[in-house]
Each structure stands twice: as C-alpha cells, then as structure tokens.
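Peer 1: Predicted structure and sequence below. I'll ask about it afterward.
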Amino acid sequence: MVTGMRALDRKLMRDLWRMRGQVIAVAVVVASGAALLVMALSAHTSLSVTAEAYYERYRFAHVFAGVERAPERLAASIADIPGVQTVETRVVAFATIELAGVLEPISAQLVSLPPSGEPLLNRLALKAGRLPDPHSRDEAVVLEHFVEGNGLKLGDEIGVLMNGAKRQVRVVGVGLSPEFIYAVAPGGLTPDEKRFGVIWMGREALEAAYDLDGAFNDVSLALLRGTDPEGVVQRLDPMLERYGGTGAVARADHPSNWFLMNELEQLRTMATILPTIFLAVAAFLTNSVLARLIALERPEISLMKAFGYSNLQVGTHYAKLALAMAALGVLIGWGIGAALGRVNTALYADFFRFPFLYYRPSGAEFAISAAVGLGAALLGALGSVRSAVILPPAEAMRPPAPANFRANSLDGALTARLDSPTRIILRQIARAPFRAAQTVIGVALSVAVLVLAMQWTGVIETILDSQFSKSQRQHATLGFHEPIAYDGRFALERLPGVLAVEPVRVASADLRVGPRVHRGAITGLPPDAKLQVIHDVRGWYLPGARGGLVIATKLAEKLNVEVGDTISVEALDGTHSRFDLPVAALHETYIEMPAYLDIAVLNRELGDPPVFEMANLLLDPAEERAFYEAIKEIPGLSAVIIKQRSVEKMREEIGDMIWIFTSFFVMFSAALAYGVVYNAVRVALSERGRDLATLRVLGFTRWEISYILLGEAALLALIALPLGCLAGAGLVYVMAGSFDTELYRIPFTIRPGAYGQAMLIALTASAASAVFARRRIDNLDLIAVLKTRE
Amino acid sequence: MPAETEEQASIDPAAVLSARGLTKVYGAGASEVRALRGVDLDFAAGELAVLLGPSGSGKSTLLNILGGLDSPTEGDVLFHGESVTAYSERALTLYRRERVGFVFQFYNLIASLTAEENVALVTEISKNPLKPAEALELVGLGARTHHFPAELSGGEQQRVAIARAIAKRPEVLLCDEPTGALDSKTGVVVLEAIERVNRELGAVTVVITHNASIAAMAHRVIHMADGRISATELNETRLAPAEITW
Ligand SMILES: Nc1ncnc2c1ncn2[C@@H]1O[C@H](COP(=O)(O)OP(=O)(O)OP(=O)(O)O)[C@@H](O)[C@H]1O
Ligand SMILES: [Mg+2]
C-alpha cells in the first residue's frame, strides 16, 4: 500500500503513527493558534467587507453636520464645495415615545425622509412594510432593533411627543440604516433596543412639528472618490456657523461607524497577539519532540549516512516530520477557525444587524496561518535538526554520552534531606533546564491567556463601578429640547418620587489649544453637585469645577495641556461664542473625555441667563411608577435616561460577547496546557522509561514511579502558575494599552478570582493530560527494558 | 560425578525458593515459543547456584519468573512454601521490594543519583536494610559513594548495582549475566562481591552466565537446554572467584 513511497517517507509515516500522542499534542497547539488566527482574521475581513458593502449599497454619507436652522437654499452652496458629490438635508430631532404597556420612558431619534420618498444618502434597508407616504403626517418607518425589542408590528401605533405636542404615529415599515448600526441614545453608552429607537417620517411632518418650513437642521454629504473629508469639514463649518452649526464630523468620527470600526480593530488585535503566543509554544513543542526523537535515532541517523544519504536528505527528513505535525495542526486549525469564524461573524452581524452578511474569508487568513504555523514548527525544529545533520556517522553509532550528572555544592545542601524520587526529579530538571523552561513557559502562557480571558468581567465591573457608582449617583437624567430657566428645577422637584434635582448643561464645543482641536462637549455642573461628581478612577474625588475646566487626562494629552494652561472654547450652537478657560484640574476616566465646568460659568460664557438643559434626579424607588407617569406630561422633554437600565443593558450586551470569547479562550488555553504537559510527560517517559522499569524491578509501585514521572510535570506546572499570572498581568496590561481610545480606556485591573480561575483551568488541563500520559506506565515492559543496553 | 537430584513435586522443607512445573509460552499459534517446558527446582538457604545453558534455553525467563518480574503460563513459584504466582500485583511488588535483589548485565543505575543514592533508593523503601555505606563497603566501593554512574567504570557500576540489590538484605539474589559486559579482571571483582554477599548475608544466590568457568564458584551448577533442566551437578570443592580465570 505504501509502494512507490521512498523508504525515508515510509519511516516518516511510521514515526508519525508511533508518536501519535505527541504529534497530536503539537498539532493541537498549532491548531489553536491557527484557529484563533483564522477565526479573528476571517471575521474581521468578512465584517469589513460586509460593512463596506452595506455602506456602499445604502450610500452611507461621508460627512455629517447639524445646525439649529438653515435655509434650504444653503444646500446648493454646500454642494459647491470641491469634492462634494451629493448633499442631502434633513430634519432630525429627539423625542420621547409612549408605547402601550411600557412604563419606563423611551426616547427616539426622528429622521426625515425626503418628499421623493427614498433618501439619496443613508438609505433605508426596508425589512418589512413600505416607506411612509411623503405627505402623510402619521406614518413612519421604525428601526428594526426597536421594533423587535418592543414586540411591535406593522400597523401598531406609537405615541411620539414632538416638540411638546403628542402625535400618534403608525408603523408602516421596519428598516435598518448604515447610520444606525450602533444606535445609541444621546448620553447612552451602549445600544438599548428597548429604550431607544429611530423613527423615519416624511419631511413635511417633521418640518411642521419643529417649525422648520423651508429649512433643515441636519445635512449629510457624499464625497467624490479620493476627497479628503477633513478638508470638506473645514470648509463646511464656517458656512454653517451662523446657522448654529454644531460642528461637522467625517464618517470616521460618526459614532455608529466609530463603534463598528473600533470593534473590528479589536478583532485585529486578537488576531495578532494571541496566535503568536500559541505558535511560539508550538515551536517549543516541536523542538522538544524532535530533539528527543533525534536523540533516540542516533544509530538510525548514522546508518542513513553510512548508506549514503546526504546531510540535506537527513535534515529534510526530520524537517518534514516537524512540518507534518504542524500541517496536521494547520488543517485542524483551518477547520475549527473557519467554523468559529463563521459563528463569530454571524454573532457580530447579528449584534450590528447588518441587512446582509458576506462570510468572505479572503484566503489570506488561511495562507497566513499556514505560513506562521509551519514556520513556527520549522523554527522549533531548526536546533534539533541541525544536531542531526552535524552528527558524524561514526559518532552517531555510539550511544549519546551517558547522562552526565555531577554534584555541586548547592545540590548537596538541597537534596540531602529529600527522598530519592524527589531527588531524581530535581536533578532531571537541573540537568535539562532549557526543556524544563519550555514546559514552564508553555503552561505559563496558557495561564496568561486564561487570566486575560477571565479578567474581562472584572474590567467591565470596574468601568461600570467607576462610571455609574462613583461618578454618577443619580437615578435618572432628563434632557430637554430648549434650555430651561433655573426656576424650572422647582417644578421638577415637585414631581412625584423626585427626591433631589441637579441642573446640568452640556454644550457641544470645539476645544482648541494652538493647532490641536477636540470636537467634544463641556458639561456644566453646580460646584456643589452631589449626584454627578467628578471622580478620578485612581481613587479620589475632585471638588466641583469652580476655577475653570476640570478635564480628563486623556483630553489633556490630546490637547497637550497641563493644569493652569488655557483652552480656547468655541461653542457649537447658534451663538458660536468663543471664550478662553483655564484648566483647573485633571482627572482620569475610563469612558469618554469629559470636560467639566461650573454651570454658572458655562451659562455666562454662552451669553445665557442661568439655565439648564438636563437634570439629574434622585428618585424614591417606591414612587417610580408615578414618576414615569408624570414625566410623560412634561413638554419639551427630549430624553430620559434611567441609570439602572443603562447599567443592566451594558452588562447584558457586553456580557454575552465576553461569555463567548471566554469560552473560546478557555478551550484554546486548555488545549495549550494539555499539549505542553502531555508532551513533557511523554518525553520524560521516553527518556526515563528504563529508570522507571528499574525502579519497578527494585520494588517500587506504579504509583511511586508515577510520582517521579508526573512529579516533574507537576512541579514545573506549579512553577508556571505564578509566572503565568505575572505574564497574564502583562498581557492584560498590553491589551489595556491597546484599547486606549478617546471613547474608553480599559483599566489595568485583574480580579483576584481571575488568577484563581486561570490557574485552576490550566491545572485541570495539565492534570488531565498527565493522567492520560500516565497510562503508559502501566504498559512499561520491565523485562524488555532490562535486556537492552542504554 | 554429576548427581541427578531431581525430586518431582516433593517440597524440600529447607528450600527458601522452589519452582514447580514451570512452563512459559510466549505468543500463540504459529509464532508460539515455549521458553520453559516444566521446570522444578529447589533452592536452599545460603545456596549459590550457577545457571548455564545455550542462548535461548530459557535462563532469563526462569530467573524473571523466580523474581516475580514475570508470571509463568503454568506451574508455581513457592517462596517459603507460599505461592508467589498467586500474588496480586501489589504483593508481587512487595515481594520484589523486601525479598529479592536483582543484578543485570546492564547495570541499570539511575544516572541522576550517586552510588550511595542509588543504594539509598532501595534502603528508603525496605524494612530492615543495610546502611547504603555498609552495602557499598561490602562490594568494596566504600570510597566512591558520592560518584555518579557516569563517573564510575563498568565494574564499579556493576558493584553499585550489587550493593543496591543486597542492601535490603534480600533472601534471594538473582544475577543475570552480571559479568557479561565486563572484562575478566573486573568480572572477578564483581564475582567476589557476589560471593561475599552470599556468604555474609546468606541469600539464595542464582547467577546466570555463559561462562562455564564461573560455575566453579557455585555450590550447585544447573544446566538448562530447550526450556528444561538438563542436568544438575554439585561442586564438591568450590573455587574462590580470584582463582577463576577466563
Ligand atoms: N517477550 C518474549 N516474547 C517472545 N519470545 C520470547 C520473549 N522473551 C523470550 N522469548 C523467547 O524465549 C526463549 C527463552 O528466552 P530467554 O531470554 O529466557 O533465553 P536465555 O536462556 O536467557 O538466552 P540468553 O543466554 O541469550 O540470554 C527464547 O527463544 C526467546 O526468543
Ligand atoms: Mg538471558
């Protein structure tokens, strides 16, 4: 059956079969690395391709800008900006929603559809129903997330509080839009399909409701291919300024796209760091398997050379063996990676609700994983193959120099009071420290990856705690369309269930220092605020912002300012007031880059009387229901954020993803620990089979000799645990660093429990493989071993 | 002069170790090998027996079965009248641990342990052992206790193996070609060690050899051929190992 195969290749196949346990151990680790790589890269490519196609097909705009009110004719001037291909104006507003049977407040973004029906840009992917009649005032297309989240169906009615007037709107269509892949309520952090929706209605209806006849308050631009969006933004801003432009943003800064891209970026990070770890370990394993095989086959090697096989042929033979092990792993990895990649892509696509999904691995991920998988094996094989190649034929005929142990002073003191089996273990480790180190590193890396996987929940809790417990203590936040005079707070205080009210004002603004600009917002708080306080995540509170701006350190970095420096502010509202403010203090945050200011100062600088646009409320939980009822009647309410709901939503949303990734990681890391320990035990058994048989002859029991064999693996694993925790902390640190974005930073924290769980899983996997490898001890042929020379 | 001393099935009350009708069959069918075809033997306390015979005659097989390393296909090994063959795996291990010392052609020392530690390996797990140093003294290696196997000559390594085998004060010492890998001068030193141990500890000692001249040091010489005892002779006068040359 193997005729036609050259003799060496036949030997190769037999070697592979004979060493199948170890071959599989190496293959499993290579497969883990390759699978991770294929999974992450194919998901990344597929999602990028899908998003790109989605944007293309539904004409996601390149530049977005809001204004207070601009005349329609301005659109023509905007279209004259060089590079602009299409201009579309809209009316966009925030409103509160009433749904039958839903107590908690719901908010929505209202977006106008052009009289022609189908928008030119940011088109709708209709999933059901139809577009509204352009002249109808009560027909709407509703975002699919929201429809499903609230169990709505075509024909249902929604109460929309538009600019103080309540209108019943009928759902005639269900749709998706590239603009709302990630649909987040203003002030929210994660999408909440139950409490925030997007509603598309005819332009006429919205113009009428918001007094914008012949005018628009939102404009989207598509650019000609190759046009720099930043250049367009810079020309657009001055044109919009006197109409209350709130600052244009390019697609890259559009929140929905930004979130999406950020998510894709994380996949890329995962595709680089983690496979590298697995493949490095695979290189170690290949090295030790081959080194042992070559040590055993010295006579065969010399024989081959005596028969006239060249060094190249001998070297190639062993290199092929390494490649075969890796190739097996790569193949398995491809299969698993492609399957997981598909699952992963589908999960993301579901999360982002793409209207279609291309699972389109580019092929590159397979090529890359094969190249690095085989490369790692070759690299690992290099040292041992070299030793086979340089072996002179005559030398090889002799057995390898006997294991040369020599006493040293340290040894004497250390081993004097140990029993012999323990002494054997320690001396073996001391004699082959490199190999012991490989085992330690392998298990440690497995622990490290597990620590990384296990600490995510801790990270999320830390962020949530800092954001929602330490910094924001209110129960609810109300947002209003128009600024409300200070006195308005008394009316809020009188609402049922309201225990305390604190005014907040958030003003969109460009913060400028020299050439550096940040397009963000300033949050005005009373200096004695107790509901929303300025918390530094390093563990302290800052007093209210009395002397100037209290900004996030991340913002200070971006603007390159220190305490005492001055920031030029340009408000992005109708006034476009410009004023300078000193930096009073810095504080470290995990989320966004807030800039706090005394609300009184903010009002004064904006040229306003004492007003607020948002209010933080402390509620009496017993009167929650009455409170929800009461706010439905408040005119001008644009948003209601219930903190508890946001926290839960965030936990749920992120929790699901984390759970899936954690399972992947646990699986792969366990495979890693398994492969490393199994291989270590098998190599030890191969080397020490004779010793162990001798001990059996001397009257040692199976368990006693198992101790010698497994004790070494156990000791190395135990050494690896703390090192792995340390490496895990390092990995978390690197990961935390790579997630340092303007939107959020990941704290470098690790729950003690994460270490415990990681060590437990790695130990379990190690123990399982040790037990598996141990079965060989029972089959030890005592007599055969004793008959032969070493 | 060779006196036939076959006593079928009657147990010599003075015998420490007896074989009764031992047969050993390896494999089955066409590839069946009958390594032992009914061996009966009794060894008295303090006896030194030499086992001679052509290659493949079943010497090692017999020795391994006597020492509890292997089990017979049929027949029994009796130790002080008690059947070793009926022992459980655990009891066999104990039998080897407490009662039997083995010496092999290849010394099978643990490379990572010094001479003394190799001996201590056994003294740590047996009930009434010699001190490792004493055992090494007995084989004339008192000065080399802290050397690792790689630092010892073949003869020295074999003597360490003997010291390791006798340190438990075994009642049975089984040596399979102990001088097989040694030159005659070194071999004599090793044989002296075996002879001394036999004399001073009184262990039943069975030595397998291909070297007929070694038979001169035995109380009894057992000839094996084709899986059977072909002849047994008692030496009326024994030679000291030093007087043996080959
Ligand atoms: N594990 C085994 N499987 C099959 N046959 C075996 C096995 N062990 C020994 N034999 C056979 O049993 C017979 C007796 O072997 P044994 O090793 O006892 O011979 P011996 O007298 O010790 O020979 P030598 O002097 O060469 O060491 C031989 O024919 C041998 O081939
Ligand atoms: Mg033999």
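Peer 2: Great, that's in hand. These numbers come from a predicted model, not from an experiment. Ligands and ions are numbered 1, 2, ... in the order given.
Peer 1: quick one: low-confidence ranges for chain B?
Peer 2: When residues are selected by pLDDT under 70, those of chain B lie in B:1-13.
Peer 1: now the strands: where do they sit in it?
Peer 2: Counting by DSSP state E, chain B forms strands over residues B:15-26, B:33-44, B:48-52, B:74-79, B:82-83, B:100-103, B:172-176, B:204-208, B:220-225, B:228-234, given from the N-terminal end onward.
Peer 1: Would you mind confirming that A:Met735 makes contact with A:Val451?
Peer 2: No: counting by Cβ atoms under 8 Å, A:Val451 is not a contact partner of A:Met735; they are 10.5 Å apart. (Each C-beta comes from the backbone N, C-alpha and C, glycine too.)
Peer 1: Of the two, which one has the most company?
Peer 2: Remark: of A:Met735 and A:Val451, A:Val451 carries more neighbours, 29 against 20, as counted by other Cβ atoms under 10 Å in any protein chain shown.
Peer 1: List the contacts of the more buried one.
Peer 2: Shown in contact with A:Val451 (Cβ atoms under 8 Å, 6 or more residues apart in numbering or on different chains): A:724-725, A:727-729, A:731-732, A:750, A:754-755, A:758.
Peer 1: which among these gets closest to ligand 1?
Peer 2: When the contacts of A:Val451 are compared for distance to ligand 1 (Cβ to the nearest ligand atom), A:Gly724 comes out closest, at 44.5 Å.
Peer 1: Look up how far ligand 1 lies from A:Arg688.
Peer 2: According to Cβ to the nearest ligand atom, to the nearest Å, A:Arg688 and ligand 1 sit 22 Å apart.
Peer 1: can you tell me if the helix or strand harbouring that residue touches chain B.
Peer 2: A:Arg688 is part of helix A:643-697, with elements assigned from DSSP states H and E. Yes: Helix A:643-697 comes into contact with chain B (Cβ under 8 Å from any Cβ of the partner chain), by way of A:690-691, A:694-697.
Peer 1: Including neighbour count, could those go into CSV?
Peer 2: As requested, the residues of helix A:643-697 next to chain B are exported to CSV (neighbours: other Cβ atoms under 10 Å in any protein chain shown):
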residue, neighbour count
A:Arg690, 19
A:Asp691, 24
A:Thr694, 26
A:Leu695, 25
A:Arg696, 21
A:Val697, 23
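Peer 1: Looking at these, spot the one nearest chain B.
Peer 2: Distance to chain B, by Cβ to the nearest Cβ, is smallest for A:Thr694 among these, at 4.3 Å.
Peer 1: which one is A:Asn344 nearest to, not counting chain neighbours?
Peer 2: Taking Cβ to Cβ, 6 or more residues apart in numbering or on different chains as the measure, A:Asn344 lies nearest to A:Ala43, with 4.3 Å between them; neighbours along the chain are not counted.
Peer 1: check contacts around the one you found.
Peer 2: A:267, A:341, A:344-345, A:348.
Peer 1: Filter the residues you listed down to just the ones in strands.
Peer 2: Assigned to strands by DSSP E, none of those qualify.
Peer 1: ok, of the residues you listed, which come out buried?
Peer 2: For those, burial is judged from neighbour counts taken by 16 or more other Cβ atoms under 10 Å in any protein chain shown, and it is met by A:267, A:341, A:344-345, A:348.
Peer 1: and the residues you listed near ligand 1, which?
Peer 2: Checked against ligand 1 using Cβ under 6 Å from any ligand atom, those give no members in range.
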